[in-house]
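S.K.: have a look at this prediction, sequence included:
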Amino acid sequence: MLDIALLPGKYAVCRLAAGSALPPELSGGLSDGDVVTVSWTADGISLICPADRAPEQAVGETAWRCLRVAEPLDLAVSGTLAALVDPLAAARVSVVAFSTYDTDYLLVPAVRLREATAALERAGHRVLG
């Protein structure tokens, strides 16, 4: 069983053109609990951020809710994401997953949040917040 924290507000999944500069509104000044993640590839920049910080020039969707595994995870532990994604897949809830050094995050469509949390709770997890 995992404790899963529901972060406040909506999140955006965005794409910027390759070679774009990272907008200054994404670096620093995050509220407690907010998260921003950036991935650079030759094809472009993908970013996940609070919806109110999504760059205007980005292409993306801003109707996601963010769930975070509440306690830090040991990098040697396997199966954590599967334990979260599998019940969501069975409930046919779309997921965008990402990890930091400390823990794992899931984005689910805001309109499916109730179904997502119910699926996680049926799988034995506890959703907080």
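M.R.: Okay, I see it. Numbering: from 1, shown residues only.
S.K.: pLDDT weak spots in this protein?
M.R.: 29-30, 72-78 (pLDDT under 70).
S.K.: what's the longest strand seen in it packed up against?
M.R.: If you go by DSSP state E, the chain has its longest strand at strand 59-69. When contacts are defined as 3 or more C-beta pairs under 8 Å, 6 or more residues apart in numbering; DSSP states H and E, strand 59-69 packs onto strand 3-6, strand 11-17, helix 80-90, strand 104-109, helix 113-122. From N, CA and C alone the C-beta is placed, and that goes for glycine too.
S.K.: now with 6 Å?
M.R.: strand 3-6, strand 11-17, strand 104-109 (3 or more C-beta pairs under 6 Å, 6 or more residues apart in numbering; DSSP states H and E).
S.K.: pairing partners for the last one, with directions?
M.R.: Using DSSP bridges, the neighbouring strands of strand 104-109 in the sheet come out as strand 59-69 (antiparallel), strand 96-99 (antiparallel).
S.K.: need those strands in TSV with mean neighbour count and distance to residue 11, can you?
M.R.: Listed next are the strands paired with strand 104-109 as TSV, based on neighbours: other C-beta atoms under 10 Å; distance: least, C-beta to C-beta, whole Å:
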stretch	mean neighbour count	distance to residue 11
strand 59-69	19	4
strand 96-99	15	9
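S.K.: residue 39: which of those is closest?
M.R.: When the strands paired with strand 104-109 are compared by C-beta to C-beta, strand 96-99 sits nearest residue 39, at 8.3 Å.
S.K.: residue contacts, residue 115?
M.R.: Taking C-beta atoms under 6 Å, 6 or more residues apart in numbering, we find residue 115 in contact with 91, 93.
S.K.: and it, how far from residue 87?
M.R.: 11 Å (C-beta to C-beta, to the nearest Å).
S.K.: how many neighbours does residue 51 have?
M.R.: 17 (other C-beta atoms under 10 Å).
S.K.: which residue comes closest to residue 84 once chain neighbours are left out?
M.R.: residue 106 (5.8 Å; C-beta to C-beta, 6 or more residues apart in numbering).
S.K.: so that neighbour makes contact with residue 67?
M.R.: Yes - with contacts counted by C-beta atoms under 6 Å, residue 106 reaches residue 67, the gap being 4.6 Å.
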